[in-house]
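Engineer: Here's a sequence, model it:
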Amino acid sequence: MSEREVELWSATVVQHHRLREDLAVIRLEGEFVPFAAGQSVGVVVPQNPNVGRRYSPALPPSLDGKLEFHVRAVPAGWLSGAIVADTAVGDRWQIGAPSGRLSVDPDAREVIMIAGGTGLAPLRALVLDLARRPQPPRVFLFVGGRHPRDLYASDMLWLLDQDLDWLTVIPVVEEIEDPDWTDEWYERVRGAEGFGEDHWLQGTLAEVASSYGAYTDHQVLVVGSPPMVRATVRALVDTGTPAGAIQVG
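Structural biologist: Predicted structure coming up:
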């Protein structure tokens, strides 16, 4: 095993922002980590230093060592649940080697990004990275969830959509009504400026993204759960999008 494969960088939690019962945004500062926007990195947290996971930063790399992760607690996922519920400011995380090839081609003119849940994180990093280019490509970002409150980054995406004239955000929900149980964390942030019901398109990401026809002159990036990715890629190919134009994360 090479030295790079076992190298770890250190970062300290500076903010733990709980957005939903099962989701939190964690911001850290520390050593510069040499990843590229769209990649994932290894993460080891003090809640269980013997178990590592891979997460995709939601910010592009910065020389001042800023990192942001969007973490959802998955069923029977002890580590992800501990990160969401128990992370505290001051916790020291170890960041491992980056991997993955999700990226936007330098000569891409139009890009379709499709994010399910926290699959938004690497695509948000890519959008912010594109903002550094003198002439970014036109980007259409489909972001979806089962219910409206699953669109956990609505306020942030609203601001990006307003600030970046080359970006169009398309929020997608499978069901227009939220479930009838209360999520206290959502209630705390509810009402913040963001996309509302007048902006939502109803359906699955596969249905909505493929309803625009074949993306024959676009680069397409799809990130989310394995079932969502499979269904979306299948729908895109079935409607004429070349399989070779699609990257998955």
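Engineer: For the rest of this, base every contact and every neighbour count on C-alpha atoms.
Structural biologist: OK.
Engineer: Tell me where this protein has strands.
Structural biologist: Using DSSP state E, the strands assigned to the chain run over residues 9-20, 23-30, 40-44, 52-55, 66-72, 92-99, 110-116, 138-145, 167-173, 201-202, 219-223, 246-248.
Engineer: For those, which has the smallest mean pLDDT value?
Structural biologist: Here the strands of the chain differ in mean pLDDT, and the lowest is strand 52-55 at a mean of 93.
Engineer: OK, contacts around residue 16?
Structural biologist: 24, 25, 26, 27, 87, 88, 89 (CA atoms under 8 Å, 6 or more residues apart in numbering).
Engineer: buried subset of those?
Structural biologist: Among these, the ones that count as buried by 16 or more other CA atoms under 10 Å are 24, 25, 26, 27, 87, 88.
Engineer: gap between the last one and residue 56?
Structural biologist: In this case it means residue 88. Applying CA to CA, to the nearest Å, the value for residue 88 to residue 56 is 20 Å.
Engineer: swap in the fifth one?
Structural biologist: Per CA to CA, residue 87 is found 17 Å from residue 56.
Engineer: okay, the strands of the chain in a markdown table with distance to residue 186 next?
Structural biologist: A markdown table is the format used below for these (distance: least, CA to CA, whole Å):
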| stretch | distance to residue 186 |
| --- | --- |
| strand 9-20 | 5 |
| strand 23-30 | 10 |
| strand 40-44 | 26 |
| strand 52-55 | 23 |
| strand 66-72 | 14 |
| strand 92-99 | 26 |
| strand 110-116 | 18 |
| strand 138-145 | 14 |
| strand 167-173 | 16 |
| strand 201-202 | 21 |
| strand 219-223 | 24 |
| strand 246-248 | 29 |
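Engineer: Tell me which of those strands approaches residue 156 most closely.
Structural biologist: strand 167-173 (10.8 Å; CA to CA).
Engineer: Please work out which residues outside the lengthiest helix in the chain touch it.
Structural biologist: Using DSSP state H, we find that the single longest helix of the chain is helix 226-238. The contact list for helix 226-238 (CA under 8 Å, 6+ apart) reads 116, 205, 206, 207, 209, 210, 214, 222, 223, 243, 246, 248.
Engineer: will you turn those residues into CSV that also has neighbour count?
Structural biologist: As requested, these are exported to CSV (neighbours: other CA atoms under 10 Å):
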residue, neighbour count
116, 24
205, 28
206, 19
207, 16
209, 25
210, 21
214, 17
222, 25
223, 25
243, 14
246, 18
248, 17
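Engineer: Which members of those are the farthest-apart pair?
Structural biologist: 116 and 214 (20.1 Å).
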